[in-house]
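# Can you look at this prediction? I've put the sequence above it.
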Amino acid sequence: MTTKVINVVVAGLGGQGVVKASDILADAAFRMGLDVKKSEIHGMSQRGGSVASDVRFGPVVHSPMIPAGEADCLIVVAPDQVDVNRHVLKAGGVLVSPESLAGSPGKVQAKSVNVALLGVLSTVLDIPVETWEDAIRANLAEKHHRLNLEAFHLGRSAN
Amino acid sequence: MVAKLSDRMLLSGDEAVALAARNAGVLLGTGYPGTPSTEILEAFAQLGGKAQWAPNEKVALEVGLGASFGGARTLVTMKHVGVNVAADVLFTAAYTGVSGGLVLISADDPGMASSQNEQDNRQYARAAGVIMLEPADSQQAYDFTGAALAISEHFAQPVMLRMTTRVCHSKSIVVQHPLPQTDSSPDFKRDIPSRVMIPAYARPAHRRLRDKLARAAAYAETCAQTILESRSASLGIIASGVSVMHAREVAPEASILQLGFSYPLPMQAIRTFVASVERCVVLEEGDPILVTELRAEGLAVEGKPERFRFGELNADRVRRILERDESAEPVVQPGKPPALCEGCSHRPVFETLKRLDCIVSGDIGCYTLGVLPPFTAMDTCVCMGASIGVGLGLRHVLPPEQAKRVVSVIGDSTFMHSGLTGLAEMVYNPPPTGHLLMILDNGTTAMTGQQEHPGTGRSLLHEPATRVVFEDVARAMGIDYVVTLDPMAQGNALEEAITAALASGKLAVIVARRPCILAAPKIRQYEKIALEKTSRCAASCAAGE
Ligand SMILES: Cc1ncc(C[n+]2csc(CCOP(=O)(O)OP(=O)(O)O)c2C)c(N)n1
Ligand code: SF4
């Protein structure tokens, strides 16, 4: 059963939109009609400390936490946080970090790197682009829609 | 605001509690902020519920109890350590019982993601004799909140809903099942023997409580929160809270008895379950409470090794417990610790205290980060409000040259929470060398996400309210030496003020006032809205409307 659950860890530092990115991902999976669980420790994260959020989706999800070494994908928004989080990835798991944006057709603004990395992730997940866009719109204030949809597509076309 | 009943929603446990409270007709939500419980009242207010922050948890539970005596369904929220503050109310509320359904949320923090200890508040259910329910995910947070209100009314007892960080902050799917409603509305019914706990009335009240608990235990046997998942007979797992989810993950074949009604225990159901499986393991986060109680009943159940008492459980740790794997757990590299924001008004305070080589009796809030480098300018931090008492104690006994360097440092929300009695102690039993109390007033409860408190002069929804002015309070209590300053002001004012206060040998209060930089833009916005409102009112009054 667990084999059909997709596990994604989003990690970074407080203030980088880690929780926001995981909200968008969880919402996109939710819109697919899947069972979804999302869990993170937030408390002192506001003050620049490490944050990691676990997002799990599939037919049935039990534990809200991703078992060690079972992440299919790891998104790291802060380049210096890659090493401390790498252990969550399973063998052959996909790492998405700001480096993944190197081949993007345009420059991603610093404050929407989180959403751009979701764009990169979107190329390996089976979620239609419209669903992603709906989830982005639903989780951000309207004035931020354009910038973040742009960032998402820059990430999606980076390779 | 309440969505269609068929709607499937993705909610945190906290949001699910708020939604259930709203749907079940809770008339008053009160509490004090504390991770991971804070979002419950905020969400309840967003949904249109009447919610308010109390100055501390004791007052919150008292207000909640009064509302319940008045016949209203009431929700009271706090983090685990908040129950310590409210415990005096709780223990005797178990004797008085309640009228309207009263649910007390205790949000525990195993692993201490954002707390000073990892106390297990299941102990309170036992110590005070309070019925306890424990949800495992957001759906149960929703369902159990509704059930807890009804159970509270059924037994006329307060009910604790114990959550943990993983249940409060994880999001999962919630369907809005219809919840049991109440048909009574607030109305005062005099009941002196139940509610006035003089010994003559309290003695029978204690017997009543034990009698109700016996009936609650019988109720627990077949209630919807005692959940049996029968699968293999070779392994049975007894669990409560989020551990149930880890168990399903790791041992999909195992039979599971979820003790969603976790005090008093459904002992017959447990006995039958234990007898039905070859091996029975109790999975519980924190203290070994269930395993101890089941063993005392003569049941052959396995617990967990002592090392799993510390921190949260997760799938890997549950696997280790089930497989009796004694190998060392992988050491996870620590991430980056939090730090005071750049431009935080607490920074200059701790830089100065360090420079002056003060002995700093600290307190809890963002400013506790003054303990970390580059400041390392905090010497004690125990619980909210302790800065004042601990500082005074140090002053009383240290040799004068050390005593003169002791400073108590407290945040604005913390001062409102439990600093007033400390200040009364300071004027009543002054140390020979005097004392200095610094109130770091950044205009918000920053630590828990910028909640209001009586000192901000704004209500939970950030609307104008009467403001408690710290300087006035200090003077009224008998402190003559009161200084207000901006800790970020140019020049040496801060250092000079501290030096002068310490040298004076008097009792002194310095209010260091400057908004938290994260909260400042919002505070300006609230003030602007309030100003617009008053000028609109003034205009309409002038127009004779
Ligand atoms: C009894 C208790 N209730 C709640 C908390 C959670 N909590 C810790 S510090 C704090 C208040 C912090 O506000 P303030 O004193 O204004 O300091 P700031 O964070 O703004 O610097 C709260 C609510 C706690 N630790 N103990
Ligand atoms: S949130 Fe506010 S009080 Fe807390 S560290 Fe940042 S600026 Fe300071």
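Done, it's in. Numbers count the residues shown, from 1 in each chain, chains lettered A, B, ... in the order given. Ligands and ions are numbered 1, 2, ... in the order given.
# State the next helix or strand along the chain beyond the longest helix along chain A.
As assigned by DSSP state H, the longest helix anywhere in chain A is helix A:18-31. Elements were assigned by DSSP states H and E; along the chain past helix A:18-31, the next helix or strand is strand A:35-40.
# So is that following strand next to chain B?
Yes - using Cβ under 8 Å from any Cβ of the partner chain, strand A:35-40 reaches chain B at A:35, A:36, A:37, A:38, A:39, A:40. All C-beta atoms are positioned from the backbone trio N, CA, C, and that covers glycine.
# Spell out which residues sit in contact with the first one, please.
Meaning residue A:35. By Cβ atoms under 8 Å, 6 or more residues apart in numbering or on different chains, residue A:35 lies in contact with A:57, A:58, A:59, A:60, A:61, B:172, B:173.
# And the pLDDT for the closest residue to residue B:231 other than its chain neighbours?
Leaving out its chain neighbours, the residue that sits closest to residue B:231 by Cβ to Cβ, 6 or more residues apart in numbering or on different chains is residue B:255, at 4.8 Å. We have a pLDDT of 98 for residue B:255.
# Could you do residue A:41 as well?
Here the pLDDT value assigned to residue A:41 is 76.
# Kindly report the same for the one 4 residues further on.
As summarised for this prediction, residue A:45 has a pLDDT of 48.
# who touches the helix or strand where the residue nearest to residue B:231 lies?
Using DSSP H and E, the element containing residue B:255 is strand B:254-259. Applying Cβ under 8 Å, 6+ apart, the contact partners of strand B:254-259 are B:134, B:136, B:225-233, B:235-240, B:244, B:247-248, B:265-266, B:269-270, B:273, B:276-277, B:290, B:322.
# For chain A, which segments count as helices?
Using DSSP H, helices in chain A cover A:18-31, A:82-85, A:113-122, A:129-139, A:145-156.
# hmm, back to that, in PyMOL, how would I select just the buried ones from the contacts of strand B:254-259?
The PyMOL command for the buried members of those (criterion: 16 or more other Cβ atoms under 10 Å in any protein chain shown) is given here:
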select buried, chain B and resi 134+136+225+226+227+231+235+236+237+238+239+240+244+247+248+265+266+269+270+273+277+290+322
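# Is stretch B:520-528 positioned near chain A?
No - Stretch B:520-528 lies out of reach of chain A by Cβ under 8 Å from any Cβ, never closer than 13.6 Å.
# Check the offset of that stretch from the chain's centre.
Its chain's C-alpha centre and that of stretch B:520-528 lie 27 Å apart, by Cα atoms, centre = their mean, to the nearest Å.
# Now look at it and say if it contacts ligand 1.
No - using Cβ under 6 Å from any ligand atom, stretch B:520-528 stays clear of ligand 1, with a minimum separation of 12.1 Å.
# For that stretch, buried residues please.
B:520, B:523, B:526.
# between the helices of chain A, which has the poorest average model confidence?
helix A:82-85 (a mean of 92).
# Just want the angle from the longest helix of chain A to strand A:35-40.
Relative orientation of helix A:18-31 versus strand A:35-40 (axes from the mean of the first three to the mean of the last three Cα atoms, to 10 degrees): 170 degrees.
# Touching helix A:18-31 from outside, list them.
In contact with helix A:18-31 (Cβ under 8 Å, 6+ apart) are residues A:6, A:8, A:10-12, A:36, A:38, A:40, A:42, A:45, A:51-55, A:57, A:75, A:77, A:114-115, A:117-118, A:121, A:127, A:131-132, A:134-136, A:138-140, B:10, B:171, B:173.
# returning to that earlier point: from the contacts of strand B:254-259, which land in strands?
Cross-referencing the contacts of strand B:254-259 against strands under DSSP state E gives B:226, B:227, B:228, B:229, B:232, B:233, B:235, B:236, B:237, B:238, B:239.
# ok, so what distance separates the last one from ligand 1?
In this structure, residue B:239 and ligand 1 are separated by 28 Å, where distance is defined by Cβ to the nearest ligand atom, to the nearest Å.
# show me what contacts that residue?
Counting by Cβ under 8 Å, 6+ apart, residue B:239 makes contact with B:247, B:256, B:257, B:258, B:259, B:282, B:283, B:284.
# between these, which is nearest residue B:43?
Residue B:43 lies nearest to residue B:258 out of the contacts of residue B:239, by Cβ to Cβ, at 25.3 Å.
# Quick check: phi and psi on residue B:352?
Backbone torsions of residue B:352, given as degrees, to the nearest 10, read phi -70, psi -40.
# residues near it, how many?
Counted by other Cβ atoms under 10 Å in any protein chain shown, the residues lying close to residue B:352 total 22.
# next one: residue B:419
29.
# next one: the one 5 residues further on
One way to gauge burial is a neighbour count; for residue B:424, by other Cβ under 10 Å, it gives 13.
# Using the three-state scheme, assign it.
Secondary structure assignment for residue B:424 (DSSP: H, G, I helix; E, B strand; the rest coil): helix.
# Pull the contacting residues for the nearest residue to it once chain neighbours are set aside.
Nearest residue to residue B:424, sequence neighbours excluded (Cβ to Cβ, 6+ apart): residue B:477, at 6.3 Å. Residue B:477 sits next to B:423, B:424, B:427 when contact means Cβ under 8 Å, 6+ apart.
# May I ask you to confirm that the last one is in contact with residue B:476?
Looking back up the chat, that one is residue B:427. No - Residue B:427 lies out of contact with residue B:476 (Cβ atoms under 8 Å); the separation is 10.2 Å.
# And the two? Which one has more around it.
residue B:427 (13 against 9).
# returning to that earlier point: ok, so of the buried residues of stretch B:520-528, who is nearest residue B:15?
The closest of the buried residues of stretch B:520-528, once distances to residue B:15 are taken by Cβ to Cβ, is residue B:526, at 23.3 Å.
# SS state for the residue in the stretch 401-545 of chain B positioned nearest to ligand 2?
Scanning the stretch 401-545 of chain B for the residue nearest ligand 2 gives residue B:516, at 3.1 Å (criterion: Cβ to the nearest ligand atom). Three-state assignment for residue B:516 (three-state DSSP): coil.
# Now that it has come up, it's in contact with residue B:347, right?
No - using Cβ under 8 Å, residue B:516 is not in contact with residue B:347, being 11.6 Å away.
# Which one of these two is surrounded by more residues?
Neighbour count, other Cβ under 10 Å: between residue B:516 and residue B:347, residue B:516 has more, with 25 against 20.
# Check the more buried one and give its pLDDT.
Residue B:516 is given a pLDDT of 97.
# One more: residue A:50?
89.
# That one and residue A:137: what is the separation?
Residue A:50 sits 29 Å away from residue A:137, going by Cβ to Cβ, to the nearest Å.
# between those two, which one's more packed in?
More neighbours surround residue A:50 than the other of residue A:50 and residue A:137, with 22 against 16 (other Cβ under 10 Å).
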